[in-house]
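Chemist: Just need the structure, nothing else, for what follows:
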Amino acid sequence: MPARTNAPRWSALVISLSVALLALGFAPSAKATTTYSDLWVASTSTATASAPGTSCAAPGYISNSGEGVISAISDAAAGATIHLCSGIYSFNTTADIGQANLSIVGAGPTTTYVANFRTVAFLHSSGNLTVSGITFTGGYSDAVEGGAVIAEGTLTVNNSHFNTNYSEKGGGAIAAGVAVIVDNSTFYNNSTTDQGGAIASYGTVTVTNSVFTANQSIADTQCIGGGGAIAAADDVHVTGSRFINNSAVLTTNAACGISDIYGGGDFGSAYGGKGGAIATLGYVWATDTVFTSNRATLAGGAVAELRPSAPTGGADVGGTYTRATFTDNEASGLGGGAVLVHGITTIASSSFTNNRAGLYGGSAVVSDGGVLNVSRSTFSKNANSEASTGCMGNCGPGAILGGTVNVTTSVFNANTGGFYGGAIGGFTVRVTYSVFTKNKAFWTGGAITANDLVVKHSQFTSNSVSNPYLSVNSAHGGGALFVCNTLDVDYSRFTGNSAKSTNPAAQFYGAGGAIGGYTRSATISHSWFVRNTASGRGGAVNIERWGSDPTPVTLTRNRFNYNVAGSYGGAVELAGETAAALAASKYNSFVGNRAGAGGSIMSVFVAGGITQANLDSFAMKNPSKGNRGPGKSLLLLPNVL
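Modeler: The predicted model follows:
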């Protein structure tokens, strides 16, 4: 499917459909001399048919084989309404609709059925088409998109059911060339071996108050497919709807480049095994919508935005997820257990619970190098499925993986990351007024791992880094936070976080019970550190120098109470600290901290030019009480131990 255009492949669809229908001996009906704007069709009737009819009691066309519908279509004017009375209409020929803006209206989806036994699609419109009040079941197409209904223009669906339809080429139930609009309808058990288990659109899709259940896209060795329920070449808007147990399956990985989580910019190469519920080359706007137990083989367990590039001459704006709920979705191969997004994405007042992802993590959200803005949302028990094996390297975070991630007034609870980031892993991360509890990772950052990290007015409780799967050097550091370049923490609280290693004597492993990392600069102010633990160094904070450069770490007006380090630095250990930064660190208090090998308050390496005089000056400006351990409470360490 071409990216955000409907010309090349849709033209091929029209040609192939015409050829296929002619081969079946079906040609468009000759138009009647007299046409009608209101027509009535009954499957059975005791009355005598008299076109166009006036009601279901006096129908104009009577047939239960679909021929009555086809005759009515032949007599209909552009913009006409064809009424299908209660009954079952069994089609053995696809009805071709040449008129613009035709409406086909049933008596209700529980009384009006258009059905067959998987032999043909029912309706093909060369223009816009509206269907309402009908159940379509058993539609079948092996030549073109759309197992039940095909519209080359815009297809509007109201109050209808689509059950157990199939298309080999995409759009198991319906396909449209311009747009699909769905309201108050259900799609159940539709399938395709291409894109869009229920719906395929070469334009936009708009869904309101509808339910999609157990629809499936199955991609084979050609890697074509994706969007277990919906596949679209443009934006998708869903409101007040539910997506349950839909799946995008890829039956082979090798031929499709499993290392490419995003794919290219067209359906043929981008969509295989991605977007368990929705896959799109545009963006998704989901409001008051629930996604439950959807599955994708590769990426985007519920939603996959596969936008190939920013629009020409404009900002790459993104989708929005508002009051959306994602529960038990999974992307088993790569990442984005719930959603895979692009551009500038907003998530507000939404919840992500118990979603799963493979290697790259982001079990709730993977943001592809764009900007992810999260507010008033909850992330709970999302997990990297590979974490249980003690995965290494690119084995990613438990909830969010992104480039730039901004989080405010949100809660992260009991998420599990792999190698890094129990809750969040990102390049630039900013967190304000948020709470992180019981998140864990096996190597760095029990709650957050980032290159550049800002944390304001937030709480971190009982987050941890530990790895029971390796015998030595099994935990790196940062029970709550791990940073690789710059750090700014202000007005935050860290309680009961831990970094544990099975090799506590190692110099860095199991370091930084609350905060760990390598930084070019770090500022920590107005924050509390209480009962954090490191099996190695820095019961609360352990910050190493970045490369060979000195690392200025400034501590101002913090409280360090009852933190514990197994070796050095009961509260803090710094490597590469500068004399100027240490001199600027003041008004901190240290109470009841302990270190197993010395430096119950702080241990500092001489690498940054620190002297004992600098430590003595620090002691004068930062009061302490009841800190315990062998040797000096402020300990100057050689560069190598």
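
Chemist: Near residue 630, how many residues? Count them for me, please.
Modeler: Taking other C-beta atoms under 10 Å as the criterion, the count of residues near residue 630 is 11. Backbone N, C-alpha and C define where each C-beta goes, glycine included.

Chemist: Kindly report the same for residue 325.
Modeler: The criterion is other C-beta under 10 Å. On that basis, residue 325 has 18 neighbouring residues.

Chemist: how far away is it from residue 242?
Modeler: 9 Å (C-beta to C-beta, to the nearest Å).

Chemist: Dump stretch 45-56 to PDB, keeping only the CA atoms.
Modeler: Once side chains and other backbone atoms are set aside, the C-alpha atoms of stretch 45-56 remain, and they are given as PDB (Å, rounded to 0.1, in the frame of the first residue of the first chain):
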ATOM      1  CA  SER A  45     -43.300 -11.800   1.000                       C
ATOM      2  CA  THR A  46     -46.900 -12.700   0.400                       C
ATOM      3  CA  ALA A  47     -47.300  -9.500  -1.500                       C
ATOM      4  CA  THR A  48     -46.700  -9.100  -5.200                       C
ATOM      5  CA  ALA A  49     -43.500  -7.100  -6.000                       C
ATOM      6  CA  SER A  50     -44.000  -3.800  -7.600                       C
ATOM      7  CA  ALA A  51     -40.900  -1.600  -8.000                       C
ATOM      8  CA  PRO A  52     -39.700   0.300  -6.200                       C
ATOM      9  CA  GLY A  53     -42.000  -0.700  -3.300                       C
ATOM     10  CA  THR A  54     -43.200   1.400  -0.400                       C
ATOM     11  CA  SER A  55     -42.400  -0.600   2.700                       C
ATOM     12  CA  CYS A  56     -41.500  -4.100   3.900                       C
END
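
Chemist: what's that stretch in contact with?
Modeler: The contact list for stretch 45-56, computed with C-beta atoms under 8 Å, 6 or more residues apart in numbering, reads 36, 38-42, 57-62, 71-72, 75, 83, 85-86, 107.

Chemist: Please flag which of those sit within helices.
Modeler: By the criterion of DSSP state H, membership of the contacts of stretch 45-56 in helices covers 71, 72, 75.

Chemist: Same list (these) but as a markdown table, adding distance to residue 166 and pLDDT.
Modeler: Listed next are the ones in helices among the contacts of stretch 45-56 as a markdown table, based on distance: C-beta to C-beta, whole Å; pLDDT from 0 to 100:
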| residue | distance to residue 166 | pLDDT |
| --- | --- | --- |
| 71 | 27 | 94 |
| 72 | 26 | 95 |
| 75 | 31 | 95 |
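
Chemist: Residue 297: which of those residues is nearest?
Modeler: Nearest to residue 297 out of the ones in helices among the contacts of stretch 45-56 is residue 72 (C-beta to C-beta; 43.7 Å).

Chemist: wait, that closest one sits on residue 41?
Modeler: Yes. With contact taken as C-beta atoms under 8 Å, residue 72 and residue 41 are classed as touching, separated by 5.1 Å.

Chemist: Looking at these two, which is more packed in?
Modeler: Under the criterion of other C-beta under 10 Å, the comparison of residue 72 against residue 41 puts residue 41 first, with 31 against 27.

Chemist: pLDDT score for the more buried one?
Modeler: Here, the pLDDT recorded for residue 41 equals 97.

Chemist: Against residue 102, how distant is it?
Modeler: Applying C-beta to C-beta, one obtains 13 Å for the distance of residue 41 from residue 102.

Chemist: Which parts of the stretch 51-200 of the chain are helices?
Modeler: 67-75 (DSSP state H, counting those that start in this stretch).

Chemist: Residue ranges in it under the pLDDT threshold?
Modeler: Under the criterion of pLDDT under 70, the regions of the stretch 51-200 of the chain flagged as low confidence span 118.

Chemist: Give me the buried subset of the contacts of stretch 45-56.
Modeler: 36, 39-42, 59-62, 71-72, 75, 83, 85-86, 107 (16 or more other C-beta atoms under 10 Å).

Chemist: Can you list the strands that the one helix or strand residue 455 maps to pairs with?
Modeler: Here residue 455 sits within strand 448-456, counting by DSSP states H and E. Neighbouring strands of strand 448-456 in its sheet, by DSSP bridges, are strand 424-432 (parallel), strand 481-490 (parallel).

Chemist: Show me what the last one is in contact with.
Modeler: Taking C-beta under 8 Å, 6+ apart as the criterion, the residues outside strand 481-490 that touch it are 420-421, 444-445, 447-457, 460, 465, 476, 512, 514-527, 543, 546.

Chemist: so how far is residue 275 from the residue most central in space within the chain?
Modeler: Per C-alpha atoms, centre = their mean, the C-alpha nearest to the average position across the chain is that of residue 339, at 0.9 Å. With distances defined as C-beta to C-beta, the gap from residue 339 to residue 275 amounts to 9 Å.
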